[in-house]
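Okay, predicted coordinates and the sequence, questions at the end:
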Amino acid sequence: DAKTTQPTSMDCAEGRAANLPCNHSTISGNEYVYWYRQIHSQGPQYIIHGLKNNETNEMASLIITEDRKSSTLILPHATLRDTAVYYCIVRVGDMRFGAGTRLTVKP
Amino acid sequence: GAVVSQHPSWVICKSGTSVKIECRSLDFQATTMFWYRQFPKQSLMLMATSNEGSKATYEQGVEKDKFLINHASLTLSTLTVTSAHPEDSSFYICSAKTRWDEQYFGPGTRLTVT
């Protein structure tokens, strides 16, 4: 599975959009981009995934660049409950986690 | 989304004893389940992959005789930590994969070995 690079931490103001970047420059053609988040002392929660096209669901939007070497997870209106560690994972098989980005949503 | 449960949610045991953690997929059948371990302030580390009816595949550095995994049915996998020691204290998380290749995670089990 391709390696991903994410910023260690980010802050976001409550009510604003949170844009979390992820670099995956070695992604191969059949690897999907997955995003999960983990709130303290809980299991990871699935957010969204995509292959090539941008995706949107009730939680977030996923923007994948045309060359697929990077992506951005967008939480359109962040709330305090969105404070968590966000993991970007590129996979075909097993789900393997990097360090993730610790997002802190501030009032 | 699909639901994965774990039992117990937390357990305290004495050094030298064994502890069993259950992972269940509640509303789907999972041919493949995974076990992860997470130490404080660290990311999840994959320990092993468990396929129903066959032996688990362990990641490098994970002792298969210490972490016994049984995946006897399509909805249940168990992880037994044998002869537990304080360094085995950790947050153990399982996940289950649906036939559509979606992977859902359990809420985790916090193990403390005293």
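Cool, the structure landed.

can we go C-alpha only for contacts and neighbour counts from here?
Noted.

Do you know the pLDDT at B:Ser5?
With respect to pLDDT, B:Ser5 scores 97.

how close does it get to A:Glu55?
Distance from B:Ser5 to A:Glu55, counting by CA to CA, to the nearest Å: 28 Å.

who in chain A is up against chain B?
A:Ser41, A:Gln42, A:Gly43, A:Pro44, A:Gln45, A:Tyr46, A:Arg96, A:Phe97, A:Gly98, A:Ala99, A:Gly100 (CA under 8 Å from any CA of the partner chain).

Just give the closest residue to the residue of chain B found nearest chain A, not the sequence neighbours.
Chain B approaches chain A most closely through B:Pro107 (4.3 Å), counting by CA to the nearest CA. Spatially, and ignoring its direct neighbours in sequence, B:Pro107 is nearest to A:Gly43 (4.3 Å; CA to CA, 6 or more residues apart in numbering or on different chains).

Kindly list the main-chain dihedrals of that neighbour?
Phi and psi for A:Gly43, reported as degrees, to the nearest 10, are phi -80, psi 160.

What of A:Arg81?
Torsion angles at A:Arg81 (phi, psi; degrees, to the nearest 10) stand at phi -70, psi -10.

Setting aside sequence neighbours, what's the nearest residue to it?
A:Val105 (7.9 Å).

so how far is A:Gln45 from the residue of chain B closest to chain A?
Applying CA to CA, the value for B:Pro107 to A:Gln45 is 9 Å.

Same drill for those two, tell me which one is more crowded.
B:Pro107 (23 against 19; other CA atoms under 10 Å in any protein chain shown).

List the residues that contact the residue of chain A found nearest chain B.
At 4.3 Å from chain B, A:Gly43 is the closest residue in chain A, using CA to the nearest CA. Contacts for A:Gly43 (CA atoms under 8 Å, 6 or more residues apart in numbering or on different chains) come out as B:Ile93, B:Phe105, B:Gly106, B:Pro107, B:Gly108.

Next step: the residues you listed restricted to strands.
Counting by DSSP state E, the contacts of A:Gly43 place B:Ile93, B:Phe105 in strands.

Great, nothing more from me.
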